[in-house]
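Colleague: predicted model and sequence below, questions to follow.
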Amino acid sequence: MAQRRKYQTIEHDWPRFFREYPEVYDRFSGHSETTAAIISDMFGLDDKVVLEVGSGTGIATLELAKRARLVIAVEPEETMMRVATKKARENGITNIAFVHGDGTRLPLAGNSVDCTVTVYAGPLSHEEASRVVKKGGFIIRAGNHYRWYGGELAPIIPERNRAIGHGYELDRYLRNECSYSYKDLWVTHTYPTLEEAIETYGFIFGSEAIDYLVANDKKSIRHKLRIFYREI
Ligand SMILES: C[S@@+](CC[C@H](N)C(=O)[O-])C[C@H]1O[C@@H](n2cnc3c(N)ncnc32)[C@H](O)[C@@H]1O
């Protein structure tokens, strides 16, 4: 209990997290970089025009931009996008177009991109994604496996707090009603110190996570990822 009191936590309040703590989000989401690299390899994104929806602080965006011709990064939250644009500017990256927008009403013309990518991201409607992707292109959605909200912390997170992730309903909808294929894999994010892991994962996932990290001296957290994809 003394451990819990020492650390600040927002207990799964993701919208507030995105709005008020983008720098902590950026520290949390290192595994998005690995995920984006896997997607680039899996789908051969070299020289492609990629639409990334829910681009956040740009962790996946910058990785996708290493291979793609252009990444159009759509994000509704101003504070998150500010971190992403700063990183792109500081790294001299010029093939990312940052666009304020929403994945259910994309600010893009039909048949305008080679693929859409979402990495642990907010809503992107299947209809909108199908509208903007050119024939032969792919819709690619990477997120937590629905049983693994919080990665390996899932078993200790109370059911009531399993706030986001693909969720079983979306998982079923994409597989059964929209004919997506999928691939499951694990990715790991390692922090330099236990303190940093607690200040990040404990901050997001709350008191149970803090206790677990301390008890197990946990600096590395594994995430079970499900990558859905569908050709248009
Ligand atoms: C978990 S973060 C993922 C960020 C980034 N893709 C990454 O992997 O680090 C989810 C992002 O989706 C954004 N988001 C929320 N609602 C959205 C919507 N309706 N359309 C597009 N993005 C949305 C959030 O603001 C947030 O930046």
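Modeller: Looks like it arrived, so ask away. Keep in mind it's a predicted model, so treat the numbers as computed, not measured.

Colleague: and the gap between the most centrally placed residue in the chain and residue 94?
Modeller: Centroid check for the chain by C-alpha atoms, centre = their mean gives residue 120 as the closest residue, at 2.5 Å. Residue 120 sits 25 Å away from residue 94, going by C-beta to C-beta, to the nearest Å. Where C-beta positions appear, they are placed from N, C-alpha and C, glycine not excepted.

Colleague: tell me where this structure has helices.
Modeller: Taking DSSP state H to define them, one finds helices in the chain at 2-6, 14-20, 22-28, 30-43, 59-65, 78-90, 126-132, 167-172, 194-197, 203-205, 207-216.

Colleague: got CSV for those, with mean pLDDT, distance to residue 228 and mean neighbour count too?
Modeller: Listed next are the helices of the chain as CSV, based on pLDDT from 0 to 100; distance: least, C-beta to C-beta, whole Å; neighbours: other C-beta atoms under 10 Å:
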stretch, mean pLDDT, distance to residue 228, mean neighbour count
helix 2-6, 58, 36, 11
helix 14-20, 91, 20, 14
helix 22-28, 91, 22, 19
helix 30-43, 95, 11, 20
helix 59-65, 98, 15, 26
helix 78-90, 97, 23, 16
helix 126-132, 96, 10, 18
helix 167-172, 86, 8, 14
helix 194-197, 92, 29, 16
helix 203-205, 90, 24, 23
helix 207-216, 91, 27, 18
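
Colleague: out of those, which comes closest to the ligand?
Modeller: Ranking the helices of the chain by their distance to the ligand (criterion: C-beta to the nearest ligand atom) puts helix 30-43 first, at 3.1 Å.

Colleague: could you see whether the ligand lies near the closest one?
Modeller: Yes: counting by C-beta under 6 Å from any ligand atom, the ligand has neighbours in helix 30-43: residue 32.

Colleague: which pLDDT does the model give the spatially closest residue to residue 185 that is not a sequence neighbour?
Modeller: Nearest residue to residue 185 in three dimensions, chain neighbours excluded: residue 225, at 5.4 Å (C-beta to C-beta, 6 or more residues apart in numbering). On pLDDT, residue 225 comes in at 94.

Colleague: please name the bridge partners of residue 225.
Modeller: On the basis of DSSP bridges, residue 225 is bridged to residue 144, residue 185.

Colleague: repeat that for residue 119.
Modeller: Beta-bridge pairing of residue 119 under DSSP bridges involves residue 142.

Colleague: got a list of what it touches?
Modeller: Residues near residue 119 by C-beta atoms under 8 Å, 6 or more residues apart in numbering: 32, 35, 36, 39, 52, 54, 59, 60, 142, 143.

Colleague: residues from the chain in reach of the ligand?
Modeller: Applying C-beta under 6 Å from any ligand atom, we find that the chain lies next to the ligand at 18, 29, 32, 53-56, 59-60, 75-77, 80, 102-104, 119-123.

Colleague: mind doing that once more with 5 Å?
Modeller: Within the chain, the residues that sit near the ligand (C-beta under 5 Å from any ligand atom) are 18, 29, 32, 54, 56, 59-60, 76-77, 80, 102-103, 119-123.
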